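Undergrad: Provided below for reference: sequence and predicted model.
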Amino acid sequence: MAIEGLQELGAQEVRLLSIVAAPEGVAHLQRVAPTARIFIAALDRCLNDSKYILPGLGDFGDRLYGT
């Protein structure tokens, strides 16, 4: 949504820098912003049925809030 908002405001050269991503997210970004340049440190194998990245780092909210 952020990239789409930037494009609506006239951004010409959009770049995404991500620490970890899943192929499904990269494919989605390529569909909605085909000219965006994507920089990813690690591409995990897929998303599970709950949309968590596999193998991933675990639930980020649990790690952040200790739940």
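TA: The structure has been received and is ready for your questions.
Undergrad: list the contacts for residue 10?
TA: Residues near residue 10 by C-beta atoms under 8 Å, 6 or more residues apart in numbering: none. Every C-beta, even on glycine, is put in place using the N, C-alpha and C of the backbone.
Undergrad: got the phi/psi numbers for it?
TA: Main-chain torsions, residue 10, degrees, to the nearest 10: phi 100, psi 10.
Undergrad: would you confirm that residue 48 contacts residue 54?
TA: Yes: using C-beta atoms under 8 Å, residue 48 is in contact with residue 54, at 5.4 Å.
Undergrad: gap between residue 30 and residue 21?
TA: Separation of residue 30 from residue 21 (C-beta to C-beta, to the nearest Å) stands at 12 Å.
Undergrad: more neighbours: which of these two?
TA: Per other C-beta atoms under 10 Å, whichever of residue 30 and residue 21 has more neighbours is residue 21, with 18 against 12.
Undergrad: what's across from the more buried one in the sheet?
TA: In this entry, residue 21 is beta-bridged to residue 43, by DSSP bridges.
Undergrad: let me see the contact set for it.
TA: Contacts for residue 21 (C-beta under 8 Å, 6+ apart) come out as 40, 42-44, 53.
Undergrad: and it, how far is that from residue 29?
TA: Residue 21 is 9 Å from residue 29, by C-beta to C-beta.
Undergrad: again, but for residue 49
TA: Separation of residue 49 from residue 29 (C-beta to C-beta): 21 Å.
Undergrad: show me the two of the contacts of residue 21 that sit farthest apart.
TA: Within those, 40 and 53 form the most distant pair, 11.6 Å apart (C-beta to C-beta).
Undergrad: out of the two, which sits in the busier spot?
TA: A count of neighbours by other C-beta under 10 Å puts residue 53 above the other of residue 40 and residue 53, at 21 against 15.
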